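Visitor: using only what follows, build the 3D model:
(2 chains)
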Amino acid sequence: MSINMVNMFSSAYKSIESKTQDQPGSNDLSFGNLMTEQLNRLNELQIEADESVRSLALGDAENVHDVMIKAEEAKMALELAVQVRNKLVESYQEVMKLQL
Amino acid sequence: MKLFDSLKISGSGLTAERLRMDTIASNIANATTTRTEDGGPYRRKIAVFREKLETEMDKASGTAKVASMGVTADSIIEDPTPFKRVYDPSNPDADADGYVEMPNVNILNEMVDMIAATRAYEANITAMNAGKSMFLKALEIGK
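Guide: Presented below is the predicted three-dimensional model:
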């Protein structure tokens, strides 16, 4: 379920990014690209955690603590992404409040 | 040090302590084993650990930096102390004088090592939890 959420978020970003790509002067290091990369990395972490839990259920996993550590990494990365999103939304609202 | 390195270092400590626990369990289970693949009695096994170093390229200066990434198991060696000779003529492995060579495993030493390995495992988990709570506190900056 969390993987679907992240996939929706990342695909929404990709569609926004593709609309802004035809503007002249946009290079590969744009902020949208950075965000998409990091969201893909977060998705990978979640998938890794899911797979390691599955291997533990099948009896293939070597160590229980490795499974727990992967699950913790995925959870921490997700919380970091949520905080980053909060900060982005705050700064967006600050910018929108500017009287022009 | 990258983001989740402290988790990985504690994880390597947990793996090492589990390996030591496995060797201790093997020693305790084989404490009276007089027949092995090599023919003699069981020799006590000891797990030897080594510091795990990883070389990473420092992006700013371009040089290679060696960072400590926890612990790894170097090898499992056999204890060279001599076997115990026990007088037991009824044992099928007794030699001509009635002595049997028993494994050089001292159950009391193994129990103490087992407690030490358990506490070390818990200490590694405490360190990992501390690192994780530091990370989560850092997320509250600016709240």
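
Visitor: quick one: stretch B:21-40 to chain centroid distance?
Guide: Distance of stretch B:21-40 from its chain centroid, counting by C-alpha atoms, centre = their mean, to the nearest Å, is 16 Å.

Visitor: wait, does it contact chain A?
Guide: No - using C-beta under 8 Å from any C-beta of the partner chain, stretch B:21-40 stays clear of chain A, coming no nearer than 11.1 Å. No exception for glycine: its C-beta is placed from N, CA and C like everyone else's.

Visitor: distance between the ends of that stretch?
Guide: Start-to-end span of stretch B:21-40 (C-alpha to C-alpha, to the nearest Å) is 24 Å.

Visitor: show me where chain B has its strands.
Guide: In chain B, the segments counted as strands under DSSP state E are B:45-57, B:64-78, B:84-87, B:99-102.

Visitor: now for the second one, which elements pack on it?
Guide: Translated: strand B:64-78. Packing partners of strand B:64-78 (3 or more C-beta pairs under 8 Å, 6 or more residues apart in numbering or on different chains; DSSP states H and E): helix B:5-29, strand B:45-57.

Visitor: kindly report the residues of chain B close to chain A.
Guide: Contacts of chain B with chain A, taken as C-beta under 8 Å from any C-beta, map to B:4, B:7-8, B:10-11, B:14-15, B:18, B:125, B:128, B:132, B:135-136, B:139, B:142.

Visitor: flag the shaky bits of chain B, pLDDT-wise.
Guide: The model of chain B has pLDDT under 70 over residues B:1.

Visitor: have a look at it and report its longest helix.
Guide: Ranked by residue count and defined by DSSP state H, the top helix of chain B is helix B:107-138.

Visitor: tell me how far the most centrally placed residue in chain B lies from B:Ala60.
Guide: Centroid check for chain B by C-alpha atoms, centre = their mean gives B:Arg20 as the closest residue, at 2.5 Å. Taking C-beta to C-beta, to the nearest Å as the measure, B:Arg20 falls 39 Å from B:Ala60.

Visitor: and if you look at B:Leu19?
Guide: Distance, B:Leu19 to B:Ala60, by C-beta to C-beta: 37 Å.

Visitor: again, but for A:Ala49
Guide: With the distance defined as C-beta to C-beta, A:Ala49 ends up 32 Å from B:Ala60.

Visitor: so for those two, which sits in the more crowded spot?
Guide: Neighbours were counted for A:Ala49 and for B:Ala60 using other C-beta atoms under 10 Å in any protein chain shown; A:Ala49 has more, 23 against 6.

Visitor: my read is that that one contacts A:Ala74, right?
Guide: Yes - the pair A:Ala49 / A:Ala74 is scored as a contact, 3.9 Å apart, by C-beta atoms under 8 Å.

Visitor: what secondary structure does A:Gln99 sit in?
Guide: Under DSSP: H, G, I helix; E, B strand; the rest coil, A:Gln99 falls in the coil class.

Visitor: helices of chain A, start to end?
Guide: Using DSSP H, the helices of chain A run over residues A:2-20, A:31-58, A:64-97.

Visitor: which one of the helices and strands packed on strand B:64-78 is the most hemmed in?
Guide: Comparing these by mean neighbour count (mean count of other C-beta atoms under 10 Å in any protein chain shown), helix B:5-29 ranks first with a mean of 19.

Visitor: give me the helices and strands touching that helix, please.
Guide: helix A:64-97, strand B:45-57, strand B:64-78, helix B:107-138.
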